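# fold the following and give me the result.
(2 chains)
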Amino acid sequence: MSKVRVRFAPSPTGALHIGGVRTALYNYLFAKQNGGSFILRIEDTDQTRFVEGAEEYIIESLKWCGIEPDEGVGFGGEYGPYRQSDRKGMYAQYANQLLESGHAYKAFDTKEELQEARLAAEKDKKTFRYDISTRMSMRNSLSLSSEEVKELEANGIPFVLRLKVPENEEIHFQDMVRGDVKFSSNELDDKVLLKVDGMPTYHMANIVDDHFMEISHVIRGEEWLPSTPTHVLLYRFLGWGDSMPVFCHLPLILKPTKGKLSKRDGAKFGIPVFPLDWEEKDGSIAKGFREWGFLPEAVINFLALLGWNPGTEQEIFDLAGLVQAFDPTNINKSGARYDFAKAEWFNQQYIIATDNEALAAKVAPILAAKGHHPSHEKLVSICALLKERMGILPDFWSKGSYFFEEVKAYDNQKVIRKKWKLDRREAFNGLAAQLNDLEKYDAENLEQLVKKFMADNSLGFGDVLPFLRLATSGSTQGPPVFEIMEVLGKQTVNKRLEQAYSAFDEVIKAKLQQL
RNA sequence: GUUCCUGUGGGCUAAUGGUUAUGCCGUCGGACUUUCACUCCGGAAAUGCGAGUUCAAUUCUCGUCAGGAAUACCA
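The predicted model follows:
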C-alpha cells in the first residue's frame, strides 16, 4: 500500500467551527496511525468570499489543538503550493483536457439566464438542474453550432466550462464509513469546472490537487457525499481512476436542537463553537473554547468521541492514545449532537488531572485580569482546594474570589436567621481570640481548636461551621473550612470574623424587629 | 419538489438473528463530607412506526414516518 497522505482542506471564509476541527482531528489521527502525512490545504478558489485573518486563524487553531500539519500553508512541504489561489495556473490545463476529450463543454449562459431557468422550474415546483435533460436548451457548445460558438468567443462573451455528465450510468465508490455507495449519473448536474474568472470550482481544484498531492484518503464531512460521484467521474475522465483516493465521509455535528451545527449557533445557544475567539466584521466577538476556559486536550477528547467510539468503554484519551485507538470503521453513520454539558465534563476531568503547579499557571492570567497577582505558592495551594470544583478555568474565580478579595455578601441568610444567636456573640468573640492566639495556623490545629471550642460551649458543628464558612468565604459551600482558613491566614480570618459577627448580629436584629 | 444519508433512554453510544439491551453525560435518590465538589452505591429512562422472512428480529427485507444533507460560476 502506498503512503497514507490525507488533507484537511478548509476554505478561509471565517472561523473554523468544531465540525471542521473534528474533521481535521480524524485526518490527523488517521495519518499518524498509519505513519502518513497530514496536510493543510487552503481552498480559496472563491475570491469573493475571502476573509482577512481566516487562514491564520485556522493555523493557530490547529496548533492550539495540538494537531499540527506535516505539510501545508504555514508548514512547508514538497507538494506545494498549498494554497489554491497560488496554484491557479494549474487547473485550466486539466479543464481543457476534459474539453478536448469531450467530457466538458463551454457554457455561455449568463447569471440572469440561469436565474430565469430556475424561476421557470420553480413554477412547476421543481428545481432547475443544468444536466442532460436541460443542457440542449441552454446556450453552450453542445447546443450551439460551432459557428455560433466561434462568434460568441470572437465577441469576447465569457463562458464557463461544465462537466458533461454521461447518461444512464451507475457510479459506485467505496466509502470507509458507508461501504459501497452508488448514484445514478442521471441525478448529477453538469457542474461548473472553470469559472468565468478562470478559477476552478472546488470540484475541479480538489481533484487536481488531491491527485498531485498524492492524497490517499479523502476524509471530509458528509455534506460532500452527494458531489462525490461527480468527483469520481472527474478522476476517471482525467485518466486518474486507478489512483483515486479512498473516501471517508464523516457524520455531521448537529446543533443542540436540530440540524447541522453552524457558526451562528454559538451566539444562539450561548456555547462555544469555535476553538479560539473570532472577531466578526461587525466587531462582535464569537467566543472560543480556549477563551471560554477549556483545555485543548479536553476539546480534542470530546470531539474525538463525537461520532466515533473506541470499541471499549474507555472515555478519556490523550492525543497519543487516540492515535492508537482510532479506527475509522468505528465511525458512526448518524449525525452526533453537540452536548455542551458533556464537553464541560471532559474539561473537568482534565482540570482535575492537571497538577496544581500547571493549573496555577493556567489560572494566573484570569486573576491578573482581575488585578490580583498572588504568590505562586499561594496559587498552587488554592488550586489544590478548587480544582475538583471547576468545570472551566474561570470557575476558579467564581468559586474562589474570596481568596483574593474581601467578602462582600453572605449567601446563606437563611442559616444566619435560623442559627445565629445574639447571646452566643461572647462565645464567638472568645473563639476569635483563641484563633488569634494559635501559633501553628494550619488546618489540623485549626480543626482541633474549633472542636475544643464547640465542646467547651456545648455547641454542635451546625452551630459553628456554617458561620466560619460564611465569615471567611461568604458562602456555606466550598472546600474544607479549615483549609480555607489556613490559606487565608490568621490576620485575614480575624478581620473577616469580626466583620461577619456584626453583620450576623444585624440580620438577627432585623429579624427581631419584624416580629 | 428531487436525490442521497440517518433513525437504540433527554444527549453521546455498545451489542447479538437467541437470557434481565452496554457504558458515559445529564437527571433523581442514598452513602461520605454536618457544606459544595470528588468518590462510591442505587433509581427512572431507549431499539420511530407497520408489515414480511424466521422457531426467534434492535439486527435481514419492504413500506411508512421523522430528522438531516445536497440541489450555486460557495466550499
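# residues from the stretch 151-300 of chain A in reach of RNA strand B?
With CB under 7 Å from any atom of the strand as the criterion, the stretch 151-300 of chain A meets RNA strand B at residues A:158, A:160, A:178, A:181, A:183-184, A:187, A:189, A:192, A:195-197, A:199, A:201-203, A:206, A:222-227, A:251-252, A:254, A:258-260. Every C-beta, even on glycine, is put in place using the N, C-alpha and C of the backbone.
# which members of these are classed as buried?
A:160, A:178, A:181, A:183, A:189, A:192, A:195, A:199, A:201-203, A:206, A:222, A:224-225, A:227, A:251-252, A:254 (16 or more other CB atoms under 10 Å).
# mind checking which of the residues you listed are in helices?
Secondary structure assignment (DSSP state H) places A:202-203, A:206 from those within helices.
# which residue does chain A have closest to RNA strand B?
Across chain A, no residue is closer to RNA strand B than A:Phe461, which sits at 1.5 Å (CB to the nearest atom of the strand).
# burial measure for that residue, as a count.
10 (other CB atoms under 10 Å).
# I'd assumed A:Val450 was in contact with it.
No. Counting by CB atoms under 8 Å, A:Phe461 stays clear of A:Val450, with 9.2 Å between them.
# which ones are touching the residue of chain A closest to RNA strand B?
Contacts for A:Phe461 (CB atoms under 8 Å, 6 or more residues apart in numbering) come out as A:Met454.
# confidence score at it?
Model confidence at A:Phe461, expressed as pLDDT, equals 91.
# next one: the one 3 residues further on
According to the predicted model, the pLDDT of A:Val464 comes to 94.
# and for A:Gly239?
With respect to pLDDT, A:Gly239 scores 95.
# also A:Met1?
Looking at A:Met1, the pLDDT reads 52.
# follow-up on the earlier one: any chance of the ones in helices among the buried ones among the residues of the stretch 151-300 of chain A next to RNA strand B in CSV, plus distance to A:Arg389 and pLDDT?
CSV is the format used below for those (distance: CB to CB, whole Å; pLDDT from 0 to 100):
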residue, distance to A:Arg389, pLDDT
A:Tyr202, 47, 94
A:His203, 51, 95
A:Asn206, 48, 95
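# quick check: of those, which lies closest to A:Asp109?
Nearest to A:Asp109 out of those is A:His203 (CB to CB; 18.0 Å).
# and the closest residue to that closest one other than its chain neighbours, backbone torsions?
Nearest residue to A:His203 in three dimensions, chain neighbours excluded: A:Lys191, at 5.3 Å (CB to CB, 6 or more residues apart in numbering). Phi and psi for A:Lys191, reported as degrees, to the nearest 10, are phi -70, psi 140.
# just give me the neighbour total for A:Lys191.
A:Lys191: 22 neighbours (other CB under 10 Å).
# for it, give me its contacts.
Contacts of A:Lys191 (CB under 8 Å, 6+ apart): A:162-163, A:201, A:203, A:227, A:230.
# pick out the most distant pair among the residues you listed.
Spatial extent of those (CB to CB) is set by the pair A:Arg162 and A:Ser227 at 14.2 Å.
# measure A:Pro200 to A:Lys106 for me?
15 Å (CB to CB, to the nearest Å).
# out of the two, which sits in the more crowded spot?
Taking neighbours as other CB under 10 Å, A:Pro200 and A:Lys106 compare with A:Pro200 leading, 25 against 19.
# now that one. Nearest residue, chain neighbours left out?
A:Tyr91 (3.9 Å).
# just the element for the one you found, please.
Element membership for A:Tyr91 (DSSP states H and E) is helix A:88-100.
# tell me what that helix is packed against?
strand A:104-107, strand A:160-163, strand A:192-194, helix A:202-212 (3 or more CB pairs under 8 Å, 6 or more residues apart in numbering; DSSP states H and E).
# ok, 7 Å please
Contact analysis of helix A:88-100 by 3 or more CB pairs under 7 Å, 6 or more residues apart in numbering; DSSP states H and E lists strand A:104-107, strand A:192-194, helix A:202-212 as its packing neighbours.
# neighbouring contacts of it?
Residues external to helix A:88-100 that are found in contact with it (CB atoms under 7 Å, 6 or more residues apart in numbering): A:104-105, A:161, A:193-194, A:198-200, A:204-205, A:208, A:237-238.
# tell me the angle it makes with helix A:202-212.
Relative orientation of helix A:88-100 versus helix A:202-212 (axes from the mean of the first three to the mean of the last three CA atoms, to 10 degrees): 100 degrees.
# state the mean pLDDT of helix A:88-100.
Averaged over helix A:88-100, pLDDT sits at 93.
# buried residues, the top helix by length along chain A. List them.
With residue count as the measure and DSSP H as the assignment, chain A has helix A:490-514 as its longest helix. The neighbour-count check on helix A:490-514 (16+ other CB under 10 Å) flags A:490, A:492-493, A:496-497, A:500-501, A:503-504 as buried.
# among the ones in helices among the buried ones among the residues of the stretch 151-300 of chain A next to RNA strand B, which one lies nearest to A:Ala267?
Closest approach to A:Ala267 among these (CB to CB): A:Tyr202, at 27.6 Å.
# surely that closest one and A:Glu43 touch.
Yes. Using CB atoms under 7 Å as the test, A:Tyr202 is close enough to A:Glu43 to be in contact (6.4 Å).
# shaky segments in the stretch 101-250 of chain A?
Judged against pLDDT under 70, the stretch 101-250 of chain A has no low-scoring part.
# show me where it has strands.
Assigned by DSSP state E, counting those that start in this stretch, the stretch 101-250 of chain A shows strands spanning A:104-107, A:160-163, A:170-175, A:179-184, A:192-194, A:217-221, A:246-250.
# who's in contact with A:Pro431?
Slight slip there: residue A:431 is Leu, not Pro. A:Leu431 touches A:Phe453, counting by CB under 7 Å, 6+ apart.
# on the three-state scheme, it is what?
A:Leu431 falls in the helix class when you classify it by DSSP: H, G, I helix; E, B strand; the rest coil.
# give me the pLDDT for it.
Note for A:Leu431: predicted pLDDT of 94.
# what's the spacing between it and A:Val323?
As judged by CB to CB, A:Leu431 and A:Val323 stand 57 Å apart.
# what does A:Lys106 give?
Look at A:Lys106 and A:Val323: by CB to CB, they are 48 Å apart.
# A:Val323: how many residues sit nearby?
Residues contacting A:Val323 under the criterion other CB under 10 Å number 16.
# was I right about it contacting A:Gln33?
Yes. The pair A:Val323 / A:Gln33 is scored as a contact, 5.3 Å apart, by CB under 7 Å.
# which element, helix or strand, includes A:Lys362?
For A:Lys362, the element it lies in under DSSP H and E is helix A:356-369.
# say whether RNA strand B is contacted by that helix.
No. Judged by CB under 7 Å from any atom of the strand, helix A:356-369 and RNA strand B are separated, with a smallest distance of 14.0 Å.
# can you name every helix or strand that that helix contacts?
Here helix A:356-369 touches helix A:376-386, helix A:395-398, going by 3+ CB pairs under 7 Å, 6+ apart.
# show me how far the last one is from its chain's centre.
Relative to the chain's own centre, helix A:395-398 is displaced by 22 Å; criterion: CA atoms, centre = their mean, to the nearest Å.
# could you find the closest non-adjacent residue to A:Gly391?
Here the residue nearest A:Gly391, using CB to CB, 6+ apart, is A:Glu344, at 4.4 Å.
# quick check: the one you found is in a helix.
Yes. A:Glu344 sits within a helix when classified using three-state DSSP.
# coming back round to it: and for the residue nearest to A:Pro200, the neighbour number?
Neighbour number of A:Tyr91 under other CB under 10 Å is 22.
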